[in-house]
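Student: the following block contains a protein sequence and its predicted model.
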Amino acid sequence: MKAAFLTALRRLEVRETPERRLENPHDVLLRIETVGVCGSDLHYFRAGGIGAQVVRFPWVVGHECAGTILEVGPEVQHLQSGQRVAVDPLVACGECDQCLAGRPHTCRQQRFLGCPGQLPGALAERLVLPAECCFPVPEGMTAVQATLVEPFSIGVYAQRMARLHEGAKIAILGSGPIGLCVLKACRAAVQVTIYATDLVEERLVAAREAGAGWTGNPLRINVVAALAERAPGGLDFVFECAGEQETLDQALELLKPGGTLLIVGIPETERVSFSIDLLRRKELRIENVRRQNRCIVPAIDLMASGTVNLDRLATHHFPLTEAQAAFELVAGYRDGVLKAIVHVSG
């Protein structure tokens, strides 16, 4: 079978690799249809790692994916060959204190698709996963839509962590795919006023289309001052979705006393800093959003019902043979790209 291997910094090569085969009775064999290029994939592509997770080349990346079941293990009862599924890319042990406490996303023995030293990624024609990681999607849901379930589930989880209240004022700093997923999830949950920022104008257009009442580009205006005029008392919640020190600093200034900062973005640097003066005087709360926690099914339901439409996110499409071009496009923020989709099969 074919797979796209990261062979060096900023270099993807499609190579032949041994077929994946079922070995565990609780696993399923998938034909991968589509894979989304995620921001964390770009960390591996551009920098070769995220913190202590360092790529040893060659390595297959990619974790946002959807596929069709080709074969099921003998102990799998709820899935069958031919079903189309969205994928939770995290494999939890199910036995540690975190799993038993209902926190599989912080499992102490977790393995994640495309994460160095854990599980090879989804940019391959076939993939073997535990059945519990596969979630059937409705017949009318496309493979691209099913791929978007995974990033949207992060938005759903971030919204749930925030515990938004009616009439809340929130900001989303960074309106890339994850920021837009957070925006969509918040809009679907409760009536709130949403302000959004980004450095790319096309993403601000997408944020307005998704329901942001105001958008601003920090390269053009002082977004903190602009929002202070619109919300002089400060904001209730800020979702930091850019993974940058600048947006973390902006968040502390934007929040009202007692407000909550939710860190969704992944910084490429190992350390960030905060103004202890602002944190202390405002008594701000900081929440870190780690992937998603059992939000795949709610994400599918919101999309299948038509409550949330994410089609706008999938702006560019590539065959597997052009995976390099897909990653270069997203890494350069070119051509108004939001989400590049690699079509692995077909």
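Tutor: Received it, and whenever you're ready, just let me know what you need.
Student: domains in this structure, by residue range?
Tutor: With domains defined by automatic domain parsing, the chain comprises 2-136+310-343, 152-288.
Student: span of the longest one from start to end?
Tutor: When you say that, I think you mean domain 2-136+310-343. Start-to-end span of domain 2-136+310-343 (C-alpha to C-alpha, to the nearest Å) is 12 Å.
Student: now distance to residue 145, mean pLDDT and mean neighbour count too, for the domains of the chain, in CSV please.
Tutor: All C-beta spots, glycine's among them, are computed from the backbone N, C-alpha and C. Rendered in CSV, the data for these read as follows (distance: least, C-beta to C-beta, whole Å; pLDDT from 0 to 100; neighbours: other C-beta atoms under 10 Å):
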stretch, distance to residue 145, mean pLDDT, mean neighbour count
domain 2-136+310-343, 7, 97, 19
domain 152-288, 10, 97, 19
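Student: turn the ones you listed into a markdown table, including distance to residue 142.
Tutor: Below are the domains of the chain laid out as a markdown table (distance: least, C-beta to C-beta, whole Å):
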| stretch | distance to residue 142 |
| --- | --- |
| domain 2-136+310-343 | 9 |
| domain 152-288 | 14 |
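Student: residue 144: which of the ones you listed is closest?
Tutor: Closest to residue 144 of the domains of the chain is domain 2-136+310-343 (C-beta to C-beta; 5.0 Å).
Student: any idea which helix or strand carries the closest residue to residue 59 other than its chain neighbours?
Tutor: With sequence-adjacent residues excluded and distances taken as C-beta to C-beta, 6 or more residues apart in numbering, residue 59 is closest to residue 6, at 5.0 Å. According to DSSP states H and E, residue 6 maps onto strand 2-8.
Student: neighbouring strands of whichever helix or strand comes after that strand in the sheet, and parallel or not?
Tutor: Downstream of strand 2-8, the first helix or strand assigned by DSSP H and E is strand 11-16. Partners of strand 11-16 in the sheet, by DSSP bridges, are strand 2-8 (antiparallel).
Student: so what touches the strand it pairs with?
Tutor: Residues outside strand 2-8 that contact it (C-beta atoms under 8 Å, 6 or more residues apart in numbering): 12-17, 44-45, 55, 57-62, 120, 123-125, 320, 323-324, 342.
Student: before we move on, back to that, report the beta-bridge partners for the residue nearest to residue 59.
Tutor: Note on residue 6: beta-bridge partners residue 12, residue 59, judged by DSSP bridges.
Student: same check, this time on residue 90
Tutor: What pairs with residue 90, by the bridge criterion (DSSP bridges), is residue 112.
Student: for it, give its distance to residue 181.
Tutor: Counting by C-beta to C-beta, to the nearest Å, the gap from residue 90 to residue 181 is 17 Å.
Student: phi and psi next, for residue 69.
Tutor: When read as degrees, to the nearest 10, the backbone of residue 69 gives phi -70, psi 130.
Student: check contacts around the closest residue to it other than its chain neighbours.
Tutor: Leaving out its chain neighbours, the residue that sits closest to residue 69 by C-beta to C-beta, 6+ apart is residue 83, at 4.8 Å. Shown in contact with residue 83 (C-beta under 8 Å, 6+ apart): 68-69, 136.
Student: in TSV: these, plus distance to residue 25.
Tutor: Shown next, in TSV, are the contacts of residue 83 (distance: C-beta to C-beta, whole Å):
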residue	distance to residue 25
68	20
69	15
136	20
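Student: separation between the residue nearest in space to the middle of the chain and residue 201?
Tutor: Nearest to the geometric centre of the chain sits residue 151, at 3.5 Å (C-alpha atoms, centre = their mean). From residue 151 across to residue 201, the span is 22 Å (C-beta to C-beta).
Student: surely residue 30 meets residue 134?
Tutor: Yes - if you go by C-beta atoms under 8 Å, residue 30 and residue 134 touch, sitting 7.2 Å apart.
Student: shared neighbours, those two?
Tutor: Joint contacts of residue 30 and residue 134 (C-beta under 8 Å, 6+ apart) are 69, 85, 87.
Student: residues in contact with the first one?
Tutor: Residues near residue 69 by C-beta under 8 Å, 6+ apart: 28-30, 79-85, 134.
Student: just to be sure, residue 299 is in a strand?
Tutor: No - remark: residue 299 does not belong to a strand; assigned using DSSP: H, G, I helix; E, B strand; the rest coil, it is helix.
Student: surely it touches residue 160?
Tutor: No - applying C-beta under 8 Å, one finds residue 299 not in contact with residue 160, separated by 11.1 Å.
Student: could you dump stretch 298-312 to CSV, C-alpha only?
Tutor: Coordinates of each C-alpha in stretch 298-312 appear next as CSV, following Å, rounded to 0.1, in the frame of the first residue of the first chain:
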residue,chain,number,x,y,z
PRO,A,298,-22.1,15.1,19.8
ALA,A,299,-20.1,16.5,16.9
ILE,A,300,-21.5,14.0,14.4
ASP,A,301,-25.0,14.7,15.7
LEU,A,302,-24.7,18.5,15.3
MET,A,303,-23.4,18.1,11.8
ALA,A,304,-25.8,15.4,10.7
SER,A,305,-28.8,17.4,12.0
GLY,A,306,-27.8,20.4,9.9
THR,A,307,-27.3,22.5,13.1
VAL,A,308,-23.7,23.0,12.1
ASN,A,309,-22.3,23.1,8.6
LEU,A,310,-18.5,23.0,8.2
ASP,A,311,-18.3,22.6,4.4
ARG,A,312,-16.8,26.1,4.2
